[in-house]
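Q: need a 3D model of the sequence below.
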Amino acid sequence: MSIGVQPFGQTRTRVDVDHAIIGPDSHVLSPLVYWKNTNGVILISPAMGSQPRCPRFVQYLASTTSSSETVSAAPGVQRLVYVLEGTITIDGQKLSSDDFAWFPPDDGYRLHGDGNGKLLVFEKPYIEPLSDRDQLPGRIIGSFAKTKAEPFLGDPDAMLTTLLPITPAFDMAVNVFTYQSGATLPFVETHVMEHGLYMRSGQGVYRLGDHWYPVAKGDSIWMAAYCPQWFVAMGKQSASYIYYKDIHRDPLNP
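A: Predicted structure coming up:
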């Protein structure tokens, strides 16, 4: 399967009522809100659809330089930053490729670029804790390489790395799924959670609804709640993707 420059007037990008594929061939850079001297690509946002099947989060790429800087997301919004390329510094702490940071809503900090780089960012309004016992979590800084991976449903060829704690205080999860070539999701999933996904490496085929899409490194996918979904890794190398989902909150109170 070859995924490269598309013929004139063609693109693999598709936006449907309950899913979307955004290929890098259709990216358009623009200045990012809440960032200084930083351009990026808004990959997934509520502007993508209409209620009730529009995304309830934002996923974007930030192209950083040595003059890039941010000090917070919008009020009430949590943010996870994953370093795809280059390095950044957060309050004096340097993060490099495959490091990440999660910031609770209204957390104040200084994040600046250290030369040219690329960040994957997820943002979502924080929903109140489920109970008084579940306090708002504090900032988390970690590394994909230092986070334990587990076989998904016992399959050692499909390894799942959970970047954030799966506790009721968190209303979002961000994970990394790594597949050996030929490995698959074990069944077609259909669930209440929505997803935002970024292909970190490799290639494969994603089923979304009744459509089948070739995907590769750099592609982004939105999956609405209850969109049937399935993946198989293909090619001579392993494939991996980073994905967001909403968790631990009442679906009657979105």
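Q: ramachandran coordinates for the residue nearest to T13 when sequence neighbours are not counted?
A: Leaving aside its chain neighbours, T13 sits nearest to S26 (4.2 Å; criterion: Cβ to Cβ, 6 or more residues apart in numbering). Quick note: C-beta positions are derived from backbone N, CA and C, even for glycine. When read as degrees, to the nearest 10, the backbone of S26 gives phi -110, psi 10.
Q: S26: neighbouring residues, count only.
A: Look at S26: counted by other Cβ atoms under 10 Å, it has 13 neighbours.
Q: before we move on, what about K36?
A: Neighbours of K36 using other Cβ under 10 Å come to 12.
Q: could you say which helix or strand holds D157?
A: Assessed by DSSP states H and E, D157 sits inside strand 155-162.
Q: can you list contacts of that strand?
A: By Cβ atoms under 8 Å, 6 or more residues apart in numbering, the surrounding residues in contact with strand 155-162 are 144, 147-152, 173, 175-180, 182-186.
Q: looks like G204 contacts F231 (just checking).
A: Yes. In terms of Cβ atoms under 8 Å, G204 counts as a neighbour of F231; the distance is 5.8 Å.
Q: show the contacting residues for S131.
A: Per Cβ under 8 Å, 6+ apart, neighbours of S131: P168.
Q: in three-state terms, label it for me.
A: At S131 the chain is in coil, as set by DSSP: H, G, I helix; E, B strand; the rest coil.
Q: same question for the one 4 residues further on.
A: Judged by three-state DSSP, the three-state class of Q135 is coil.
Q: run a quick neighbour tally on it.
A: 9.
Q: swap in P125?
A: Around P125 there are 16 residues (other Cβ under 10 Å).
Q: what do you get for the one 5 residues further on?
A: Summarising burial for L130: neighbours were counted as other Cβ under 10 Å, giving 13.
Q: please apply the same query to the one 4 residues further on.
A: If you count neighbours by other Cβ under 10 Å, D134 ends up with 15.
Q: any stretches of the protein with poor pLDDT?
A: Along the chain, the model assigns pLDDT under 70 to residues 1-6, 132-133, 254.
Q: tell me who's in contact with the nearest residue to V174 once chain neighbours are set aside.
A: Nearest residue to V174 in three dimensions, chain neighbours excluded: L163, at 4.8 Å (Cβ to Cβ, 6+ apart). L163 makes contacts with 80, 100, 102, 142, 144, 147, 173-176, as judged by Cβ under 8 Å, 6+ apart.
Q: give me the buried positions along stretch 89-104.
A: Across stretch 89-104, burial judged by 16 or more other Cβ atoms under 10 Å covers 90, 95, 98-104.
Q: returning to what we had before: next structured bit after the strand holding D157?
A: strand 172-179.
Q: residues contacting that following strand, please?
A: Contacts of strand 172-179 (Cβ under 8 Å, 6+ apart): 57, 78, 80, 82, 100, 102, 122, 124, 144, 149, 152, 157-164, 166, 200, 202, 204, 231-233, 238-247.
Q: of those, which belong to helices?
A: In helices, judged by DSSP state H, none of those are found.
Q: which of those count as buried?
A: 57, 78, 80, 82, 100, 102, 122, 124, 144, 149, 152, 158-159, 161, 163-164, 200, 202, 204, 231-233, 238-246.
Q: looking at those residues, which are in strands?
A: 78, 80, 82, 100, 102, 122, 124, 149, 152, 158-159, 161, 200, 204, 231-233, 239-246 (DSSP state E).
Q: what does stretch 93-111 contact?
A: For stretch 93-111, contacts defined as Cβ under 8 Å, 6+ apart pick out 69-73, 75-91, 114, 125-126, 136-145, 163-164, 174.
Q: equivalent analysis for stretch 211-223, please.
A: Outside stretch 211-223, the residues within contact range by Cβ under 8 Å, 6+ apart are 1, 3, 12, 14, 16, 18-24, 43-44, 48, 55, 59, 194-208, 229.
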